[in-house]
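Peer 1: Fold the following.
(chains A and B)
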Amino acid sequence: MVVRRLFGATGYRTVKNGVWGDHPIFSMVLGICSALAITNKVENAIAMGASVAFVLVATSLIISPLRALIPLRVRIITYMIVISSFVIIVDKFLKAFYPDISEAIGPYVGLIITNCIIMGRAEAFYIQNKVSHSVLDALANGIGYSYTLVGIAIVRELLGFGTLLGIRVMPGGWTNWVVMSMAPGAFFLLGIFLWITRTAAEIEPARRGS
Amino acid sequence: MKEKLSMILFVLVLGSMLTVALVVAHDYTAPIIERNQALKIKTKVLEVFDIDHTKDDVETVFSRNIETTEKEDRMFYISRNREIAFEISGSGLWGPIHGVIAMMPDLETIKGITIIHQEETPGLGGRIAEKAYLDKFKNKKIFPELKILPPGKVRKENEVDAITGATLSCKAFEKILNSQLKEYLSLFRSVHSGS
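Peer 2: Next up is the predicted model:
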């Protein structure tokens, strides 16, 4: 409700769409690749979520104010160079200050460049909307993406390693479910996550012929 | 025409501005990243010499126990027991393999190996980075040359078990080890006979 008072009805709708209705992962099914790859540990999921959120906000801060200037025909290239510049900055930052995390998620930081969430939001939103709404949308999508990653990572790390953020939480006799720390575990969990959230958000799969 | 020019101008201006941002970010982080990498190598050197250390005292333990000498841009790390270690690198099956190997003072027996970076198939070739596998190289002789053989065929002191299902990664690793050992050890000998 604070959001509604601060940014008005449009802002409220933007935020609600980002974190729930048009959620990047379960509604638009974007950014799945990274969601599958780096959710084996909560630490990695937080780093990835924060990186994507940062790139989203930074991109919106450049694309939205320039939206009247960006020539229509080169807008995709514009998104690409803006996004890749910020991704490289994030990559350098992680390498310098969080070398362990950087090593664990390795190539996936660079792959944020091709994360469709950022490109998709730039094309669908930042190029058409004013700066404040664009930033709000970027934050909402960043939060939507991050909580999904962290949620999946909590289950995977708990079952796969018996730890949370590296701290042992499962009782001594706990046998690690190795499958959870590997790719198949991510697929199972993401499937379950999509099932629950799409049912809760009442998103119907597109029916043929309708 | 005018439209095209302004389009090119836009891309150029935006591109240059972002490049400046990248250069600033690079200059700021480059020394820190370099220090991280140096620290990582020091950690691996201590690991390969089996010297006790914690994450925070790597620098002090390293400077207290390890002597370094450089020859033709190659670094040699010498422990108090006169064991020597150096970095090895080369191409694995899928990507570069980079590690540290330590030799006993006789320069013929392997003290230990650690891997810093590898891109082999996870669960198969990727297991070359596991301590359990690398421990098999301990106390092996490197003359006439190191051989990685299918499991169960190991008879002599210069032979090591391969990883089942990762024949090609093991072959690549064997090649890296032999060529790097030859190169570094002859360099090391030339330094020491000369001094």
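Peer 1: Can you tell me the number of residues neighbouring the closest residue to A:Cys33 other than its chain neighbours?
Peer 2: Spatially, and ignoring its direct neighbours in sequence, A:Cys33 is nearest to A:Leu111 (7.0 Å; Cβ to Cβ, 6 or more residues apart in numbering or on different chains). Any C-beta I mention is one placed from the backbone N, CA and C, and that applies to glycine too. Residues near A:Leu111, counting by other Cβ atoms under 10 Å in any protein chain shown, number 15.
Peer 1: Tell me which residues of the least confident helix or strand in chain A by mean pLDDT come out buried.
Peer 2: Here the helix or strand of chain A ranked lowest by mean pLDDT, DSSP states H and E is helix A:2-16, holding a mean of 75. Neighbour counts over helix A:2-16 (16 or more other Cβ atoms under 10 Å in any protein chain shown) mark A:7, A:11-15 as buried.
Peer 1: Tell me how far the residue positioned nearest the centre of chain B lies from chain A.
Peer 2: What sits nearest the mean C-alpha location of chain B, by Cα atoms, centre = their mean, is B:Gly99, with 2.1 Å. Distance, B:Gly99 to chain A, using Cβ to the nearest Cβ, to the nearest Å: 15 Å.
Peer 1: for that residue, what are its contacts?
Peer 2: B:Gly99 sits next to B:44, B:87-89, B:113-118 when contact means Cβ atoms under 8 Å, 6 or more residues apart in numbering or on different chains.
Peer 1: Which residues of chain B lie near chain A?
Peer 2: B:3, B:6-7, B:10-11, B:14-15, B:18-19, B:21-22, B:25-26, B:28-29, B:32-33, B:36, B:40 (Cβ under 8 Å from any Cβ of the partner chain).
Peer 1: hmm, which of those residues are the buried ones?
Peer 2: Buried by 16+ other Cβ under 10 Å: B:7, B:10-11, B:14, B:18, B:22, B:25, B:29, B:33, B:36, B:40, out of these.
Peer 1: pLDDT and secondary structure added to those residues, as JSON lines?
Peer 2: Below are these laid out as JSON lines (pLDDT from 0 to 100; DSSP: H, G, I helix; E, B strand; the rest coil):
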{"residue": "B:Met7", "pLDDT": "87", "secondary structure": "helix"}
{"residue": "B:Phe10", "pLDDT": "89", "secondary structure": "helix"}
{"residue": "B:Val11", "pLDDT": "88", "secondary structure": "helix"}
{"residue": "B:Leu14", "pLDDT": "91", "secondary structure": "helix"}
{"residue": "B:Leu18", "pLDDT": "93", "secondary structure": "helix"}
{"residue": "B:Leu22", "pLDDT": "94", "secondary structure": "helix"}
{"residue": "B:Ala25", "pLDDT": "94", "secondary structure": "helix"}
{"residue": "B:Thr29", "pLDDT": "93", "secondary structure": "helix"}
{"residue": "B:Ile33", "pLDDT": "91", "secondary structure": "helix"}
{"residue": "B:Asn36", "pLDDT": "90", "secondary structure": "helix"}
{"residue": "B:Lys40", "pLDDT": "89", "secondary structure": "helix"}
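Peer 1: among the residues you listed, which two are most distant?
Peer 2: Spatially, the most separated pair among these is B:Met7 and B:Lys40, at 45.2 Å (Cβ to Cβ).
Peer 1: Closest one of the buried ones among the residues of chain B next to chain A to A:Cys116?
Peer 2: Closest approach between those and A:Cys116, by Cβ to Cβ: B:Leu18, at 21.0 Å.
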